[in-house]
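Novice: the following block contains a protein sequence and its predicted model.
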Number of protein chains: 2
Amino acid sequence: MHRHHVSVAEGVLDANDTIAAANRADFDAASLTVLNLMSSPGAGKTTLLERLAPLLGDVVLGVLEGDVQGSYDSDRIAAMHVPVAQINTAAGFGGECHLDANMVRSALGLLPLGELDLLIVENVGNLVCPAEFRIGEDARAMVISVTEGEDKPLKYPLMFHSADAIVINKIDLLEHLDFDLEELRANIAAVNPQAAQFLISARTGEGVEAWRDWLLERVA
Amino acid sequence: MHRHHVSVAEGVLDANDTIAAANRADFDAASLTVLNLMSSPGAGKTTLLERLAPLLGDVVLGVLEGDVQGSYDSDRIAAMHVPVAQINTAAGFGGECHLDANMVRSALGLLPLGELDLLIVENVGNLVCPAEFRIGEDARAMVISVTEGEDKPLKYPLMFHSADAIVINKIDLLEHLDFDLEELRANIAAVNPQAAQFLISARTGEGVEAWRDWLLERVA
């Protein structure tokens, strides 16, 4: 994050924590479980949500989409008749490369929080800054696709360290790649031995149920 | 970028431009062509440089590697006996998600600028903030891999708009993906009709010569 002036940055993070606590109180009042979902651009977050939504049974899902600009992802979520709101960081938030608690707070009025059981916040695609900003979430999940290389946990440790669940996506492509899955898994474990790891193909649906079950434990 | 306080952010960008101009003067004094190379994490920047380096003939290459932490990429470049210096944004630069002119300036003394013809600066993997900071470069290139989805130019327009050349990488995987290459190319052209587009597989080497030729025109 931008810390040319450390005192400014620390003030920003303190203010963020205060607003995150207010979000948390609102989520608790609505008995709502909130997941902060993060990844690189193009790792497959939205496709994963498209696969997840039909598998949630009676659990009512809502989605908050974060993008620099545009509504490409929220249009895809809305097409499934899932309640969704869009945050554009280019619209009033300076084109930020992440969501923060204030941006999330600004959009909560656009969702029927009292009717939802699970709110998934799809963050801006970025492996650095989103990890620095708590938004009042119950848990964090991140997606890493096998096309991104085995070294990413070591190069972006804060993101991997802060995740409660790590979805390893695009495993349908493994046979076509020079990619060492065990090396990726060992690198993840080196940075975050506690994180649950899930092997998934959002494209084919393989493995999505196991991640769904992890999520539903959070909701219950 | 972080613009909670717009006046601070504008001051940061003004200061950056001043330092970028100083870098530019040093590059000119050394008759050095400088390329700022950007992409998402895992798009294949380092593999592309590994393919490029043996194809440069008499042109002397140097590389400046930007990462939040670690020296995984610079180790790969050093293994080819190419002069390389590492910038870690976590070491003195607050863990920034991009390189700026000051970070680049801090590392120039680590490279034999007078002996080089071409300096490639491999930026931190991020589709947002690196595009906001000039570093004194002659040209910008970005890498987008076909595994990242057709929508990325529309979701991250500043990065695509600011690139002089756009390398579409991992085309060896096209036959295994549900991916519309023409849609990606049209989305790129919508955001940046002037950019040269190159279809490349850094893994197989296909198409690298055409990008090399574009680069050598910049050097000449």
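Specialist: Cool, got the structure.

Novice: phi and psi next, for the residue nearest to A:Pro157 when sequence neighbours are not counted.
Specialist: Spatial nearest neighbour of A:Pro157, chain neighbours left out: A:Val191 (4.8 Å); criterion: CB to CB, 6 or more residues apart in numbering or on different chains. (Glycine included, C-beta is placed from N, CA and C.) Dihedral pair for A:Val191: phi -90, psi -30, per degrees, to the nearest 10.

Novice: also A:Gly62?
Specialist: The phi/psi pair for A:Gly62 (degrees, to the nearest 10) is phi -130, psi 160.

Novice: against chain B, how distant is it?
Specialist: Separation of A:Gly62 from chain B (CB to the nearest CB, to the nearest Å) stands at 21 Å.

Novice: contact partners for the spatially most central residue of chain A?
Specialist: When CA atoms, centre = their mean is applied to chain A, the residue found nearest the centroid is A:Leu37 (0.7 Å). Shown in contact with A:Leu37 (CB atoms under 8 Å, 6 or more residues apart in numbering or on different chains): A:Lys45, A:Leu48, A:Leu49, A:Ile120, A:Val121, A:Glu122, A:Asn123, A:Arg140, A:Ala141, A:Met142, A:Val143.

Novice: the residues you listed in strands, which ones?
Specialist: A:Ile120, A:Val121, A:Glu122, A:Arg140, A:Ala141, A:Met142, A:Val143 (DSSP state E).

Novice: tell me which two in these are the farthest apart.
Specialist: In those, the most distant members under the criterion CB to CB are A:Val121 and A:Val143, with 13.5 Å between them.

Novice: after the lengthiest helix in chain A, heading C-terminal, what element do we hit next?
Specialist: In chain A, taking DSSP state H as the definition, the longest helix is helix A:6-29. Later in the chain than helix A:6-29, the nearest helix or strand by DSSP states H and E is strand A:33-39.

Novice: in the helix or strand of chain A with the lowest mean pLDDT, what's buried?
Specialist: Within chain A, no helix or strand scores below helix A:6-29, which has a mean of 87 by mean pLDDT, DSSP states H and E. By neighbour count on 16 or more other CB atoms under 10 Å in any protein chain shown, the buried set for helix A:6-29 is A:Val8, A:Ala9, A:Val12, A:Asn16, A:Ile19, A:Ala20, A:Asn23, A:Arg24, A:Phe27.

Novice: do stretch A:50-64 as well
Specialist: For stretch A:50-64, burial by neighbour count (16+ other CB under 10 Å) applies to A:Glu50, A:Arg51, A:Leu52, A:Ala53, A:Leu56, A:Val60, A:Leu61, A:Gly62, A:Val63, A:Leu64.

Novice: which residues touch the closest residue to A:Asn36 other than its chain neighbours?
Specialist: Leaving out its chain neighbours, the residue that sits closest to A:Asn36 by CB to CB, 6+ apart is A:Glu137, at 4.0 Å. The contact partners of A:Glu137, by CB under 8 Å, 6+ apart, come to A:Val34, A:Leu35, A:Asn36, A:Val121.

Novice: tell me how far A:Glu137 lies from chain B.
Specialist: 20 Å.

Novice: for the buried residues of stretch A:50-64, work out which two are farthest apart.
Specialist: A:Arg51 and A:Leu64 (18.4 Å).

Novice: in chain A, which spans are strands?
Specialist: Using DSSP E, strands in chain A cover A:33-39, A:61-67, A:84-88, A:118-122, A:139-145, A:165-169, A:196-199.

Novice: any chance of TSV for the contacts of A:Leu37, columns distance to chain B, neighbour count and pLDDT?
Specialist: Output for the contacts of A:Leu37, formatted as TSV (distance: CB to the nearest CB, whole Å; neighbours: other CB atoms under 10 Å in any protein chain shown; pLDDT from 0 to 100):
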residue	distance to chain B	neighbour count	pLDDT
A:Lys45	11	25	98
A:Leu48	13	24	98
A:Leu49	14	22	98
A:Ile120	18	26	98
A:Val121	17	26	98
A:Glu122	12	27	98
A:Asn123	12	26	98
A:Arg140	18	23	98
A:Ala141	17	25	98
A:Met142	12	27	98
A:Val143	12	28	98
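
Novice: which of the residues you listed sit farthest apart?
Specialist: Longest span within the contacts of A:Leu37, CB to CB: A:Leu49 and A:Arg140, 15.3 Å.

Novice: for stretch A:27-34, list the C-alpha coordinates in CSV.
Specialist: Provided in CSV are the C-alpha atoms of stretch A:27-34 (Å, rounded to 0.1, in the frame of the first residue of the first chain):
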residue,chain,number,x,y,z
PHE,A,27,-23.5,-8.0,10.2
ASP,A,28,-24.0,-9.4,13.7
ALA,A,29,-27.3,-7.6,14.1
ALA,A,30,-28.5,-9.2,10.8
SER,A,31,-27.1,-12.7,11.8
LEU,A,32,-25.1,-12.5,8.7
THR,A,33,-21.9,-14.4,7.9
VAL,A,34,-19.5,-12.5,5.7
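
Novice: pull the residues that contact that stretch.
Specialist: By CB under 8 Å, 6+ apart, the surrounding residues in contact with stretch A:27-34 are A:23, A:113-114, A:116-121, A:135-139, A:218-219.

Novice: list only buried entries from those residues.
Specialist: By neighbour count, with 16+ other CB under 10 Å, these hold A:23, A:113, A:116-121, A:135-139, A:219 as buried.

Novice: ok, these vs chain B, which is closest?
Specialist: A:Ile135 (15.2 Å; CB to the nearest CB).

Novice: what does the pLDDT read for the closest residue to that closest one other than its chain neighbours?
Specialist: Once flanking residues are discounted, A:Ile135 sits nearest to A:Val104: 4.5 Å by CB to CB, 6+ apart. A:Val104 is assigned 97 on the pLDDT scale.

Novice: can you pull the contacts of A:Val104?
Specialist: A:Asn23, A:Leu64, A:Ile87, A:Val121, A:Ile135, A:Gly136.

Novice: low-confidence stretches in chain A?
Specialist: Applying pLDDT under 70 to chain A flags the ranges A:1-8.

Novice: ok, and the closest non-adjacent residue to A:Leu48?
Specialist: Spatial nearest neighbour of A:Leu48, chain neighbours left out: A:Ala202 (4.3 Å); criterion: CB to CB, 6+ apart.

Novice: that neighbour contacts A:Ile168, doesn't it?
Specialist: No: look at A:Ala202 against A:Ile168 with CB atoms under 8 Å: they stay out of range, at 10.9 Å.

Novice: of those two, give the one with the bigger neighbour count.
Specialist: Ranked by neighbour count (other CB atoms under 10 Å in any protein chain shown), A:Ala202 and A:Ile168 place A:Ala202 first, with 26 against 22.
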